[in-house]
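1. Give the three-dimensional model of this entry:
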Amino acid sequence: MTNELPSSHHTSYIYRVSYSSLTITFLGTGTSAGVPMIACDCPVCTSPDKKDKRLRSSIMIQSEKTTLVVDSGPDFRYQMLRAGVKHLDAIIFTHSHKDHVAGLDDVRAFNFFSQLPMQVYASDATQEVIIREFPYAFYESKYPGLPDIKLNTIGMESFMVGDIEVTPILVWHLKMPVLGFRFGAFTYITDASRIEDAEMEKIRGSEVLVLNALRKEKHISHFSLDESIEIAKKLQVPQCYLTHMSHQMGKHAEVEAELPDGIHFAYDGLVIKV
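-> This is a model prediction of the structure:
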């Protein structure tokens, strides 16, 4: 299968929102190594501030009827326990890197209590990696207790998960296509270093934008702090939260105080309503 996704040629978008509001929980806001990073004694990794403790990036989105998670990284089990999640309808994947897919095996608990397969939404390229990393979940004859997963293919068209409409946004992680997602007035983008103009237009009009910002210094495959701030200002999004941050960004409290109005650092456990 190809590792590319088709680009969208639309310039205007209509979002058919059938829910009154969404609740977004930041399950993790760190980069692939997490914060603190193993064996690091820097001021951020040794900070006592809870907002400087960052699990691998993921969010939970809830309407009155539907609960979904974007990405299930290595910390997925603990994130579900910490957030007290009892029911999960679906997992939507941005891309196939380990820090975004490694915890998928732990959907077994949801399978057990719901007696239903977990609905997983991913591009063809991400599905290939999921099947390769968790082949036992897709055997025709499975040992009892193994994950039960139903794969659903994401293209570039909007789709529904329960009563939540999801619009994919194609971004680039250096040369790798990654999917961001718009949910009504809320847009979530992680692991991006470039967004083409046509896809940028899908973000315009959002009330809240979540955007990755790895560190202050420029990076080859992630937006820097200044690059993310520039995008938020260009799109005139009222509220922007930054995520997927490394220990190189600095302490939450110190850098947060320097950010422009309307731009904030997300942190693990933060809950917002849109």
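2. how about the helices in the protein?
-> 76-83, 98-101, 108-114, 124-133, 197-203, 225-235, 252-256 (DSSP state H).
3. right, so those: which one is the most enclosed?
-> helix 98-101 (a mean of 22; mean count of other C-beta atoms under 10 Å). C-beta coordinates here come from the backbone N, C-alpha and C atoms, glycine included.
4. Show me how far that one is from its chain's centre.
-> 10 Å (C-alpha atoms, centre = their mean, to the nearest Å).
5. Start the count at 32 instead of 1 going forward.
-> In the new count, where the first residue is 32, that last one comes out as helix 129-132.
6. which residues are contacting that helix?
-> If you take C-beta atoms under 8 Å, 6 or more residues apart in numbering as the criterion, helix 129-132 is touched by 62-63, 87-89, 102-105, 124-125, 157, 160-161, 164, 221-222.
7. Buried by neighbour count, from those residues: which ones?
-> Buried members of the contacts of helix 129-132, counted by 16 or more other C-beta atoms under 10 Å: 62-63, 87-89, 102-105, 124-125, 157, 160-161, 221-222.
8. I'd like to know which of these is nearest to residue 284.
-> residue 62 (19.0 Å; C-beta to C-beta).
9. Correct me if wrong: residue 246 contacts residue 277.
-> Yes - Residue 246 lies in contact with residue 277 (C-beta atoms under 8 Å); the separation is 5.3 Å.
10. what about the two, which has more around it?
-> residue 277 (20 against 17; other C-beta atoms under 10 Å).
11. tell me the contacts of that one?
-> 61-62, 64, 66, 68, 245-246.
12. Looking at those residues, which is nearest residue 232?
-> residue 245 (24.5 Å).
13. Test of understanding: give the bridge partners of the closest residue to residue 91 other than its chain neighbours.
-> Using C-beta to C-beta, 6 or more residues apart in numbering and skipping the chain neighbours, the partner closest in space to residue 91 is residue 56 (4.4 Å). For residue 56, the beta-bridge partners under DSSP bridges are residue 91, residue 302.
14. Need the per-residue pLDDT for the residue sitting furthest away from the middle of the chain.
-> Computed with C-alpha atoms, centre = their mean, the residue of the chain farthest from its C-alpha average is residue 172, at 32.2 Å. Residue 172 is assigned a pLDDT of 80 by the prediction.
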